[in-house]
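**Q** Structure, please.
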Amino acid sequence: MTAKQDAPRLSDLLPWSVPPLRLGRSWVRGPDPALLRTRWNALLNAADPDARERLFRPSRARTLHSAVGQLPGQATATGRLSRASGPCPEPVRMLHGPFDRQWLLPDHRLIDAARPELWRVADDRQLFAVELAQVPQVPGPAVVCSAVLPDGRSPAGRPGRIHPLYRRPGGIEPNLAPGLRELLTDRLGRPADPVDVLAWITASAGHSPDGVTVPLTADPAVWDLGVALGARMLWLHTHGAHSGERPRMPGGRRPYVRAALPVRGLPATIGYDREEEALLIGDGRISPVPAGAWEFHAGGVRVLEAWFAQRTAAPAPDAEPAEAASLAALRATAWSQEWTSDLLELITVLALLAELRPRREELRQRTAQGPQIGTAGLRAAGVLPAPPSARRPASVLDHHEEGPEGQFALL
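**A** Numbering: from 1, shown residues only. Got it, this is the predicted structure:
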């Protein structure tokens, strides 16, 4: 039996990874697209160049005079922001932190480090695995997956890296260590499809002193158990993105709004009534909310509390003056119906994930007790170390992208 500490790292199995996005200014993302359009219009309607600069919040990477090309796949202007005019770039869905689905202005001129290599492969076939930092004494997953572009932020601890499942658009060229699929197919006696490998990773990845590690079983029955469990988790993490079916609790257990959430202003508090299984948002009340959903932690924080704070918390008193004077000061002033819908869906996802914990523990035990393919076995088979080319993005040469000031660049 392979020793537990011999488990390969996530970066061994999915060798190409990208650092988290570095936005540089928080106002380019938000909980709803209307708020982002309001901020954009305020920037363009600034009274003078100095006011526009204060609202923008320049950095070493981006100023109003920076010349940068479009983000791949985004039809945004490339003229300098100092003379920008016209409509707001169309906001796109993104994943902020582990489970918070927000919106982003996909304009390269606004973002310090947008990671264009990720945008080139982000399509309706792509899946992203995001490493989460370990916070001592706080439970939580080691990996969260997303079908929309993640920013890679970890609420607490050191941010992890973003691992796309595919190296090219259209689900082409899996981002797997060369030879890994063939080795798994040979040892397990069944095809190891890329999504199956990601499902196994989602179900079995854990924290270790070496970072996120993924024990690989050599037992076909355990593999089938883990892939089935991981497929369920992937469906929940991605809100059913590739299935056409959104997660729902069984009838009688679905959360509903029992006392109306505010129609004016923002609630100041969030809490939980354990006896009534109710989520309390100001004077509003949602139930039933299983305790597993309320207690669900990821990245070192309670997910529902973090989600609520992203939408209602006032700027921190110790925020940088430049940030406080920027467009980040423009915040939502009322709770929206869309937030309620998003919250009900998030509660459902967390509740269903929490129910899977016993199955994850069973998988962990059966994997540890059975035969494994460890790092030494992967090295002996020539799978590791992955060649340097596998750790770099693939060249995408099938389309043009607009460069600064409307020029075109072939990539």
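**Q** any weak-confidence spans in the chain?
**A** 1-5, 157, 315-324, 396-403, 405-411 (pLDDT under 70).
**Q** how does it look with 90?
**A** Low-confidence segments of the chain, defined by pLDDT under 90: 1-5, 86, 133-139, 154-160, 209-210, 242-244, 250-252, 262-264, 313-326, 395-411.
**Q** Point me to the residue sitting closest to the centre of it.
**A** Note on the chain: the residue nearest the mean C-alpha position is Pro150, at 3.5 Å, using Cα atoms, centre = their mean.
**Q** and the residue nearest to Thr217 when sequence neighbours are not counted, which of the three is it?
**A** Closest residue to Thr217 apart from its sequence neighbours, by Cβ to Cβ, 6 or more residues apart in numbering: Thr367 at 4.9 Å. Using the backbone N, CA and C atoms, a C-beta is placed for each residue, glycine as well. The three-state label given to Thr367 by DSSP: H, G, I helix; E, B strand; the rest coil is helix.
**Q** list the contacts for the residue nearest to the centre of the chain?
**A** Shown in contact with Pro150 (Cβ atoms under 8 Å, 6 or more residues apart in numbering): Met94, Leu95, Phe128, Val130, Val144, Ile162.
**Q** Pretty sure the first one sits in a strand.
**A** To tie it back to what came earlier, the one meant is Met94. Yes: assigned with three-state DSSP, Met94 falls within a strand.
**Q** If you tally nearby residues, what's the number for it?
**A** By the criterion of other Cβ atoms under 10 Å, Met94 has 20 neighbours.
**Q** Quick check: it vs Asp193, distance?
**A** Shown here: Met94 relative to Asp193, a distance of 27 Å by Cβ to Cβ, to the nearest Å.
**Q** How far does the helix or strand where Leu279 lies sit from its chain's centre?
**A** If you go by DSSP states H and E, Leu279 is part of strand 278-281. The chain centre lies 25 Å from the centre of strand 278-281; the measure is Cα atoms, centre = their mean, to the nearest Å.
**Q** After it, which helix or strand is next? Please name it.
**A** Next along from strand 278-281, by DSSP H and E: strand 284-287.
**Q** Would you mark the buried spots in stretch 287-304?
**A** For stretch 287-304, the buried set under the neighbour-count rule, 16 or more other Cβ atoms under 10 Å, comprises 287-290, 293-294, 296-304.
**Q** thinking again about what came up before, and which of the contacts of Pro150 is nearest Ala259?
**A** Ala259 has its nearest neighbour among these in Leu95, at 29.9 Å by Cβ to Cβ.
**Q** partner residues bridging that closest one?
**A** Assessed by DSSP bridges, Leu95 has beta-bridge partners Arg101, Pro150.
**Q** roughly how far apart are it and Ala218?
**A** In terms of Cβ to Cβ, Leu95 sits 33 Å off from Ala218.
**Q** Could you measure from Pro250 over to Pro288?
**A** Taking Cβ to Cβ as the measure, Pro250 falls 11 Å from Pro288.
**Q** Strands of the stretch 201-350 of the chain, start to end?
**A** Here the stretch 201-350 of the chain has its strands, by DSSP state E, counting those that start in this stretch, at 206-208, 211-213, 256-259, 270-273, 278-281, 284-287, 297-298, 301-302.
**Q** partners of the third one, with directions?
**A** When pairing is defined by DSSP bridges, strand 256-259 lines up against strand 284-287 (antiparallel).
**Q** cool, and the fifth one?
**A** Partner strands for strand 278-281, per DSSP bridges, with pairing direction: strand 270-273 (antiparallel), strand 284-287 (antiparallel).
**Q** Give me the contact list for the last one.
**A** Counting contacts by Cβ under 8 Å, 6+ apart, the residues outside strand 284-287 that touch it are 255-262, 267, 276-279, 343-344, 347.
**Q** Equivalent analysis for the first one, please.
**A** In this structure, residues lying in contact with strand 270-273 by Cβ under 8 Å, 6+ apart are Ala278, Leu279, Leu280, Ile281, Val289, Ala291, Trp294, Leu304, Glu305, Phe308.
**Q** Find the nearest non-adjacent residue to the fourth one, please.
**A** Using Cβ to Cβ, 6+ apart and skipping residues adjacent in sequence, the residue nearest Ile281 is Pro267, 4.9 Å away.
**Q** Any chance of JSON lines for the strands paired with strand 278-281, columns distance to Ala114?
**A** Output for the strands paired with strand 278-281, formatted as JSON lines (distance: least, Cβ to Cβ, whole Å):
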{"stretch": "strand 270-273", "distance to Ala114": "32"}
{"stretch": "strand 284-287", "distance to Ala114": "35"}
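**Q** For Pro387, find the nearest of those.
**A** That would be strand 270-273 among the strands paired with strand 278-281, by Cβ to Cβ, at 48.6 Å.
**Q** list the buried ones in that closest one?
**A** Using 16+ other Cβ under 10 Å as the test for burial, strand 270-273 gives Ile270, Tyr272.
**Q** cool, and stretch 231-243?
**A** Across stretch 231-243, burial judged by 16+ other Cβ under 10 Å covers Ala231, Arg232, Met233, Leu234, Trp235, Leu236, His237, Thr238, His239, Gly240, Ala241.
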